[in-house]
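> need coordinates for the following:
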Amino acid sequence: MKKLMITTALTLLVLTACANNSDGENHSMTDETMEKTEIMDKEETNDEMEVVMNDGVLAADFTYLDFDGNEVTLADYEGKKLYIKYWASWCPICLSGLERLDQMFEGVDENSDYEILTVVTPGYNGEGSDEEFKEWFNGLEYENIKVVFDQDGKYAKEFNVRAVPTSVFIGSDGVLISSLAGDKSNEDIMATLDTFK
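Numbering: from 1, shown residues only. Alright, predicted model coming up:
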């Protein structure tokens, strides 16, 4: 792994130094190219592991809190695709989709190549406190939905969540695939999950 990183760094250094073309323009790497290179450097390659690479930039390295106050981070889902649904307790469209979401959670097990998180934002965008939300949600009869808290919408802002519901898709390599506002059917969610690694 270290050899690969050193070789990659040296190759990039040589290529950058040799990029002084006669047109006089600077042809050094862009920030996006450097981020993609960093993603490749973080990947482990061996005979047992498939190389995973999605186009895009790395997703925000979030830290949400679950109902018990435990941290839930992006690293917890390393190697799995991730579907994140931002929603709110006051949103009628969100509430009408909870039964479908509960069914979708039921289909996820340890053999699935994806995970699902639903996120509410206490103290942000009209949502009450986390304690108020817990009391309200515990009165509902959804057994499978896992809800985590993005306090004050810190990561909602990074994922460009401007309305609820919003679907965020993250690749198994931590790359942000998309952030899309609007309600999605389970079929649409699964079809999107099938379009990336």
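
> so residue 167: helix, strand or coil?
strand (DSSP: H, G, I helix; E, B strand; the rest coil).

> isn't it up against residue 184?
Yes - using C-beta atoms under 8 Å, residue 167 is in contact with residue 184, at 5.2 Å. (Each C-beta comes from the backbone N, C-alpha and C, glycine too.)

> now for these two: what residues contact both?
Both residue 167 and residue 184 are in contact with residue 192, where contact means C-beta atoms under 8 Å, 6 or more residues apart in numbering.

> quick one: buried residues of stretch 69-84?
By neighbour count on 16 or more other C-beta atoms under 10 Å, the buried set for stretch 69-84 is 72, 74, 77, 81, 82, 83, 84.

> now this structure, which segments are flagged as low pLDDT?
Within the chain, the segments meeting pLDDT under 70 span 1-52.

> what about the helices in it?
2-17, 31-42, 92-96, 98-106, 130-138, 154-158, 186-193 (DSSP state H).

> now do the last one and helix 98-106, the angle between them.
Between the axis of helix 186-193 and that of helix 98-106 there is an angle of 50 degrees, by axes from the mean of the first three to the mean of the last three C-alpha atoms, to 10 degrees.

> middle-most residue in this protein, spatially?
Nearest to the mean C-alpha position of the chain, counting by C-alpha atoms, centre = their mean, stands residue 170 at 3.5 Å.

> now do the contacts for that one.
Shown in contact with residue 170 (C-beta under 8 Å, 6+ apart): 59, 74, 77, 81, 82, 84, 176, 177.

> same deal with residue 164?
The contact partners of residue 164, by C-beta under 8 Å, 6+ apart, come to 86, 87, 88, 91, 93, 94, 125.

> okay if I get those residues as TSV plus neighbour count and distance to residue 66?
Shown next, in TSV, are the contacts of residue 164 (neighbours: other C-beta atoms under 10 Å; distance: C-beta to C-beta, whole Å):
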residue	neighbour count	distance to residue 66
86	27	16
87	24	16
88	21	18
91	19	21
93	13	24
94	20	19
125	18	20
